[in-house]
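> just need the structure, nothing else, for what follows:
(chains A and B)
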2 protein chains.
Amino acid sequence: MSTLTIPSDLPSVTEDCEQLKKAFDGWGTNEKLIISILAHRTSTQRKLIRQAYAELFGVDLLQSLDKELSSDFEKVVLLWTVDPAERDAILAHDAARKWHSNNQVLLEIACTRSSLELFAVKQAYHARFKRSLEEDVAYHTTGDFRKLLVPLVSSFRYEGPEVNMTLAKTEAKILHENISNKAYNHDDIIRILTTRSKPQLNATFNHYNNEFGNAISKDLKTDPEDGFLAALRAIIKCLTNPEKYFEKVLRLAINKTGTDEGALTRVVTTRAEIDMKQIKEEYYRRNSVPLERAITHDTSGDYEAMLLALIGHEDA
Amino acid sequence: MSTLTIPSDLPSVTEDCEQLKKAFDGWGTNEKLIISILAHRTSTQRKLIRQAYAELFGVDLLQSLDKELSSDFEKVVLLWTVDPAERDAILAHDAARKWHSNNQVLLEIACTRSSLELFAVKQAYHARFKRSLEEDVAYHTTGDFRKLLVPLVSSFRYEGPEVNMTLAKTEAKILHENISNKAYNHDDIIRILTTRSKPQLNATFNHYNNEFGNAISKDLKTDPEDGFLAALRAIIKCLTNPEKYFEKVLRLAINKTGTDEGALTRVVTTRAEIDMKQIKEEYYRRNSVPLERAITHDTSGDYEAMLLALIGHEDA
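The predicted model follows:
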């Protein structure tokens, strides 16, 4: 569930645009006013604001924001303001071009979005970058990671609830055999993880656990330093338990010396309207500290205020 | 261009449905009447007829056709009547499940449809088979063919006209090096063929020809018996010159002892509304016999009449 709060007496789109313009004009920028508007509008409402703003003032709202804001606050506001599919395209483009084996953004986008959402990302990628997502991922990755990531971002998974239990058993066995032989990059492991539907995979993993005595993720943890194994575990978590996956990304971002603002901004902007409520619950369960308090502790100023507003906790 | 002829005094959808019902009822089926309606309606019109027929008579038109018709005539009418995306899903499903290395239907669908058409096929596949196309292709194919076909059916290629000439040169060189080393299944060959846009690939192949003295297809013909090489050549033809590809499929289907009705039906039903005019020109150029005459020579009865109607040549 979303943590977004929308005012009950919603101003008109034109009023929002005029207020934003006012926030940019004059002596200094009124960051509080910007947050009070943009952090409390749904993606559809923000889209309308962006369109109306361009019509009213002849300039893209993103350009005005880019001009007036700076550093982490600028990044979170820009990433939040764009359309979700375009936002994912920007994140995926960045991850593909600067790809390294510890960067899990591509698999996160491929596995936590619905099939139609992922397709919208691919369309936004075409429109914005004049290339395809698959093309960039295939070009910038190598070896086993390429073998895994290209089908992962390309797949249009079936989303119905049907589960074939016989297939789940067969494929749990195939996974177990290959994992036991340490053939982690085996074609069949990649085929199963990248093409089967989420309910089907869930049944396969459950059967794996019942039949072979360990959760599959545990059997994939033989070498904690191995980036490919970490990617396989992250994929499994994204497919079957995205809230837990995102909780961990937030935990590592916050616990890191110096805070990983990129990861914090990404998770908050991409999940606020989706499942941030569950992620917050998961975070509290795992850390015994509310996410709000952890964010307040690690960030400051307008950046902090924007994050808190998005996760449904005003600092005012 | 389409070879479909639509009457200028088009009857209403309801009239069409009533005429079809009349063709099924009574003593014997009126095949001529069925052809005179269905073979002269666009895909949008056929869709409306199918919807109205179900509403008027409480039964799917496809079921009535299935009940009343038989053999090759039945197959061509059924395949023609369904929505193009669903038709491709049926053909792809059949090809994936009975896959063998000489069957080029999967690569044909993946490479001659537009990116959005291919996406519509994937949606139709979900709806009809409760699975994904990628999933079935990955499951039923093996080895190098799997490595090639899965990304091929999964890719959502960019379709803009932009061409990067520097990239075309680099990738022509990569293709040439691997082909010279007979590394036909090299990751880079597969990456380039399955992800780059059609205009970009065209530039790459042109540069290959200019720089290395042979068309790439010629360099891929070292062993005419090798099914994988044949698949690579077919992919290149489908991507850059689909009319020539389809001409060859028709030629082989017609020249075969006994005629390959499956291929004949597939090409006529899938291309009639798209580029059958160019395919017919290509056929005449290559065989010195008009396609109409070749079809008349090789087929008979209602099946012949339906094919001729679809390629714009009534036998009446």
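> residues from chain A in reach of chain B?
A:119, A:122-123, A:126, A:130-135, A:138-139, A:146, A:150-151, A:154-160, A:162, A:187, A:191, A:194-197 (Cβ under 8 Å from any Cβ of the partner chain). (Glycine included, C-beta is placed from N, CA and C.)
> can you get me a residue count around residue A:168?
Residue A:168: 21 surrounding residues under other Cβ atoms under 10 Å in any protein chain shown.
> do the same with residue A:257
Counted with other Cβ under 10 Å, residues neighbouring residue A:257 total 5.
> and it, how far from residue A:298?
Distance, residue A:257 to residue A:298, using Cβ to Cβ, to the nearest Å: 11 Å.
> follow-up on the earlier one: got a quick PyMOL command for the buried subset of the residues of chain A next to chain B?
Buried subset of the residues of chain A next to chain B, written as a PyMOL selection, criterion 16 or more other Cβ atoms under 10 Å in any protein chain shown:
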select buried, chain A and resi 119+122+123+126+131+132+133+134+135+138+139+146+150+151+154+155+156+157+158+187+191+194+195+196+197
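> and the residue in chain A positioned nearest to chain B, what does it touch?
Ranked by Cβ to the nearest Cβ, the top residue of chain A for proximity to chain B is residue A:154, at 3.6 Å. Neighbouring residues of residue A:154 by Cβ atoms under 8 Å, 6 or more residues apart in numbering or on different chains: A:134, B:134, B:151, B:154-156.
> just those: which are in helices?
Taking DSSP state H, the ones among those that sit in helices are A:134, B:134, B:151, B:154.
> so what's the residue lying closest to the last one once chain neighbours are set aside scoring on pLDDT?
In this case it means residue B:154. Leaving out its chain neighbours, the residue that sits closest to residue B:154 by Cβ to Cβ, 6 or more residues apart in numbering or on different chains is residue A:154, at 3.6 Å. What the model reports as pLDDT for residue A:154 is 96.
> where does the stretch 201-316 of chain A have low pLDDT?
A:314-316 (pLDDT under 70).
> tell me where it has helices.
Assigned by DSSP state H, counting those that start in this stretch, the stretch 201-316 of chain A shows helices spanning A:216-219, A:227-240, A:242-255, A:261-271, A:276-287, A:291-298, A:301-310.
> got the ones you listed as TSV, with mean neighbour count columns?
Converted to TSV, the helices of the stretch 201-316 of chain A look like this (neighbours: other Cβ atoms under 10 Å in any protein chain shown):
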stretch	mean neighbour count
helix A:216-219	18
helix A:227-240	20
helix A:242-255	20
helix A:261-271	22
helix A:276-287	19
helix A:291-298	18
helix A:301-310	22
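> and of those, who's closest to residue A:15?
helix A:301-310 (19.0 Å; Cβ to Cβ).
> still on that earlier bit, ok, the ones in helices among the contacts of residue A:154 vs residue B:23, which is closest?
residue B:134 (39.8 Å).
> ok, now which ones touch the closest one?
Per Cβ under 8 Å, 6+ apart, neighbours of residue B:134: A:151, A:154-157, A:194-195, B:122, B:150, B:153-154.
> what do you get if the cut-off is 10 Å, keeping everything else the same?
Listed by Cβ atoms under 10 Å, 6 or more residues apart in numbering or on different chains, the contact set of residue B:134 reads A:151, A:154-158, A:191, A:194-196, B:96, B:122, B:125, B:149-151, B:153-154.
> ok, residue A:202 next?
Contacts of residue A:202 (Cβ under 10 Å, 6+ apart): A:163, A:168, A:196, A:236, A:239-241.
> go on, residue A:293?
Residue A:293 neighbours (Cβ under 10 Å, 6+ apart): A:284, A:287, A:313.
> distance to residue A:66 added to these, as CSV?
Listed next are the contacts of residue A:293 as CSV, based on distance: Cβ to Cβ, whole Å:
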residue, distance to residue A:66
A:284, 35
A:287, 34
A:313, 27
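> closest one to residue A:41 out of those, please.
Comparing the contacts of residue A:293 against residue A:41 with Cβ to Cβ places residue A:313 closest, at 17.2 Å.
> number of residues surrounding that closest one?
For residue A:313, the neighbour count with other Cβ under 10 Å is 17.
> go ahead and confirm it touches residue A:291.
Yes: between residue A:313 and residue A:291 there is a contact at 8.3 Å, judged by Cβ atoms under 10 Å.
> so what sits against both of those two?
A:3, A:280, A:307.
> correct me, but residue A:309 touches residue A:272?
Yes: here residue A:309 reaches residue A:272: they are 9.1 Å apart, a contact under Cβ under 10 Å.
> tell me, what's touching the two both at once?
Joint contacts of residue A:309 and residue A:272 (Cβ under 10 Å, 6+ apart) are A:3-4, A:39, A:80.
> next one: phi and psi at residue A:4?
Note on residue A:4: backbone dihedrals following degrees, to the nearest 10 are phi -70, psi 140.
> show me the contacts for it.
A:39-43, A:45, A:272-274, A:276-277, A:309-312.
> may I ask which of these has the most neighbours?
residue A:310 (26 neighbours).
> chain neighbours aside, what residue packs nearest to that one?
residue A:272 (4.3 Å).
> list the contacts for the one you found?
Neighbours of residue A:272 in contact, by Cβ under 10 Å, 6+ apart: A:2-4, A:39, A:43, A:80, A:279, A:307, A:309-312.
> so how far is residue A:137 from it?
26 Å.
> hey, where'd the strands end up in the stretch 1-150 of chain A?
Counting by DSSP state E, counting those that start in this stretch, one finds no strands in the stretch 1-150 of chain A.
> got the residue ranges for the helices in it?
Going by DSSP H, counting those that start in this stretch, the stretch 1-150 of chain A shows helices at A:13-24, A:31-38, A:43-57, A:61-68, A:71-81, A:84-97, A:105-112, A:115-129, A:133-140, A:143-154.
> would you convert those helices into TSV that also reports distance to residue B:69?
As requested, those are arranged in TSV below (distance: least, Cβ to Cβ, whole Å):
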stretch	distance to residue B:69
helix A:13-24	56
helix A:31-38	61
helix A:43-57	48
helix A:61-68	58
helix A:71-81	57
helix A:84-97	45
helix A:105-112	44
helix A:115-129	36
helix A:133-140	41
helix A:143-154	39
